[in-house]
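Novice: fold the following.
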Amino acid sequence: MTFVGPGPTKRAADRLRREGHKRVLRLLIAERRALYGAAFDAAFAEEPDFRVVGVTGDGTATSDLAAALRPDVVIVDAQLPHTGGVGICARLKTAAGAPVVVIVDDAPRTDVLLDAIEAGADGYVSRDMHRQSLIRAVRAVGAGELCVPRAMVAALVRGLQDRRRELYRTVVLYDRLTRREREVLDLLADGLDHVAAAEVLVISPQTARTHIQNVLRKLEVHSRLEAAAIARQYRQLRGVGAGVA
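Specialist: Below you'll find the model as predicted:
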């Protein structure tokens, strides 16, 4: 396990340091399997600097409990029902006074690690790690460190670099489109075909088809599905919903 510099919750870490190293960290455990949830609960119950304030196996309940209980750290199952671990992490991190979040996965997966870090996770650990290693990892993130498996650090850096280049390429390609082409593409991303898009935009189906052909050429893709994927990626990058200007 590697502890990589200040994590994304430095303000929370500074607060913990000001209040002293003996401060008890309040934990919320979100684990889909009751057996593991109970095991985590028991492990941290033996540590004097931790207090488990809640255990749940549901993503929606995790958000509600975090808002009500105000934990310092939330340990989240990567495959949590309804929202997934990364989804609940992103949701928790948008709240005021966001807690530290540690994602627990069944096995190390680079794609999940990347998604977790981009969602604001402070730690990513494997479920099969030794109990004391898990406890040390949670202590570390509680102190403001970013905790990831040592063997995955290089893959994390490369993956983040690749994603940044891909996002930049998406913006460059998207900027090639005219406003009307963007409108057509946006409707494709919403699941409409060229006929339905033509009705929405009050143009002929043939004109819509021509716009789609131009979109595919300018985005350097071969299918509407690929074009729609780029549109959704652009929305995510810009943080917008339907209707990209």
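Novice: what kind of secondary structure is Gly54 in?
Specialist: Taking DSSP: H, G, I helix; E, B strand; the rest coil as the rule, one finds Gly54 in the strand state.
Novice: show me the domain layout of this structure.
Specialist: Under the assignment automatic domain parsing, the domains of the chain span 2-156, 163-238.
Novice: tell me which of the ones you listed is the most buried.
Specialist: Of all these, domain 2-156 carries the top mean neighbour count, a mean of 18, counting by mean count of other C-beta atoms under 10 Å. Placement of C-beta: from N, CA and C, glycine included.
Novice: what's next to stretch 77-91, contact-wise?
Specialist: Applying C-beta atoms under 8 Å, 6 or more residues apart in numbering, the set of residues contacting stretch 77-91 from outside is 30-33, 36, 57-60, 62-63, 76, 101, 103-106, 112, 115-116, 119-121.
Novice: ok so, going back, Serialize the domains of the chain to TSV and add fields for mean pLDDT.
Specialist: Formatted as TSV, the domains of the chain follow (pLDDT from 0 to 100):
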stretch	mean pLDDT
domain 2-156	85
domain 163-238	87
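Novice: how much space separates the residue nearest the centre of the chain from Gly59?
Specialist: The centroid of the chain falls nearest to Ala119 when counting by C-alpha atoms, centre = their mean (3.1 Å). To Gly59, Ala119 is 13 Å away according to C-beta to C-beta, to the nearest Å.
Novice: likewise for Gly97?
Specialist: Separation of Gly97 from Gly59 (C-beta to C-beta): 20 Å.
Novice: can you check Arg139 too?
Specialist: Arg139 is 25 Å from Gly59, by C-beta to C-beta.
Novice: Gly37 too?
Specialist: 14 Å.
Novice: now the element after the host helix or strand of Val86, going C-ward?
Specialist: Assigned by DSSP states H and E, Val86 belongs to helix 85-93. Moving toward the C-terminus from helix 85-93, the next helix or strand (DSSP H and E) is strand 100-105.
Novice: hey, which helix is longest across the protein?
Specialist: Longest helix in the chain by number of residues, with DSSP state H as the criterion: helix 153-174.
Novice: can I get it in CSV? Just the C-alpha atoms.
Specialist: In CSV, the C-alpha atoms belonging to helix 153-174 read as follows (Å, rounded to 0.1, in the frame of the first residue of the first chain):
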residue,chain,number,x,y,z
VAL,A,153,0.7,3.8,-8.9
ALA,A,154,2.3,3.7,-12.3
ALA,A,155,-0.9,2.6,-14.0
LEU,A,156,-2.8,5.3,-12.2
VAL,A,157,-0.5,8.0,-13.4
ARG,A,158,-0.5,6.7,-17.0
GLY,A,159,-4.3,6.3,-16.9
LEU,A,160,-4.9,9.8,-15.7
GLN,A,161,-2.5,11.1,-18.4
ASP,A,162,-4.3,9.1,-21.1
ARG,A,163,-7.7,10.3,-20.0
ARG,A,164,-6.5,13.9,-20.0
ARG,A,165,-5.3,13.5,-23.6
GLU,A,166,-8.5,11.9,-24.6
LEU,A,167,-10.6,14.7,-23.1
TYR,A,168,-8.5,17.3,-24.9
ARG,A,169,-9.0,15.4,-28.1
THR,A,170,-12.8,15.3,-27.5
VAL,A,171,-12.9,19.1,-27.1
VAL,A,172,-10.8,19.6,-30.2
LEU,A,173,-13.1,17.4,-32.3
TYR,A,174,-16.3,18.8,-30.8
